[in-house]
Structure formats: C-alpha cells, structure tokens
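J.: Have a look at this prediction, sequence included:
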Amino acid sequence: MIPLLLCGGFKVQVVFCICPIFFSLAHLNHLLEFYSQQNYSRQKTAMAIGIQLAYTMVFGSYASFLFIRTGHLIAPLVAHTVCNFMGLPAVYANRKAGAVVSLAFITGSIAFIRLLFPLTNPALYNNRIDNCRCWHGYCSWS
C-alpha cells in the first residue's frame, strides 16, 4: 500500500497516518474470537479490541517508518515477526524481579530511540540509483 500511496502523490506524512489505520483494522478478525469462542461480554470484547487496535496502530506506524525509510519489505517483515513472537513488553513484574525488568525496559527503550535513525539510514539500503539517497525519491529525511 505504501508504494501505491507514494506514487499516487500522497505525502509521506499522510502515508504515516493512513497505513497504520488500515494495518490495525486488518486485525479486527479477532473480534468474533473474543466474543464467541472466549465468551467475553460485549464490553470486555470492545476493550480488548480497542487495546489491540491501539497497539497495532503504533506498530503499524513503526512498520511504515521502516518500509519508507529503508525501502525494503524485509525490515517491517522481520519487525512484525519479532513482535508476534515477543508479544507486548513486560512493564511490570513481581517485587523481586521488578527492578531488573524496569532497568531492562528503560535500557532497551533508550537504545531503541538512539539507534532508530542510524540503523535505518537510507544510505545503508540504497544502491544510489538516480543519485537520490532515498529509494522512493523523497529526499527530505534528515
């Protein structure tokens, strides 16, 4: 969807807003599973689906960023695989392990933020076709 939107003239910022919405809506297939198979009430089903839509929108933004920044499908594909394998991050633990979990979460968050742009630098993934540092021709990344 991203290449079609970019080639259709949509700005990168608009693509960042549109694609995560569709990505999260694609995960609505769990609605019936929660309601019928797990016997959740309508309210509990709505809350579970709402939380799932929220974090899939956040991940969809990240996956869109990876694809637009690197120009390769492998980056969001690997991120999605790791995300599905790992699940949601543990932000709490029992009193004994709580300090270790909190320290690991904070350290991982800082490393993620610090390494995000250097590791997704378009120059690492572009073969310099057309003398543009971005695969899609939008050379406005800093």
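T.: Perfect, I can see it now. What you see is a predicted model; the values in this text were computed from it and never measured.
J.: and Ala46, what element?
T.: Applying DSSP states H and E as the criterion places Ala46 in helix 42-70.
J.: Now that helix: average pLDDT?
T.: For helix 42-70, the mean per-residue pLDDT is 88.
J.: now for the helix or strand just after that helix, which elements pack on it?
T.: The helix or strand immediately downstream of helix 42-70 is helix 74-86, counting by DSSP H and E. Secondary-structure packing of helix 74-86 (3 or more CB pairs under 8 Å, 6 or more residues apart in numbering; DSSP states H and E): helix 42-70. For every residue, glycine as well, the C-beta is placed using N, CA and C.
J.: Against which helices or strands is the helix it packs on packed?
T.: Against helix 42-70 (3+ CB pairs under 8 Å, 6+ apart) you get helix 2-7, helix 12-25, helix 30-32, helix 74-86.
J.: Out of these, which is closest to Met57?
T.: Across the helices and strands packed on helix 42-70, Met57 has its closest neighbour in helix 12-25 (4.4 Å, CB to CB).
J.: tell me the secondary structure for Arg95?
T.: coil (DSSP: H, G, I helix; E, B strand; the rest coil).
J.: Neighbours of it, how many?
T.: Look at Arg95: counted by other CB atoms under 10 Å, it has 6 neighbours.
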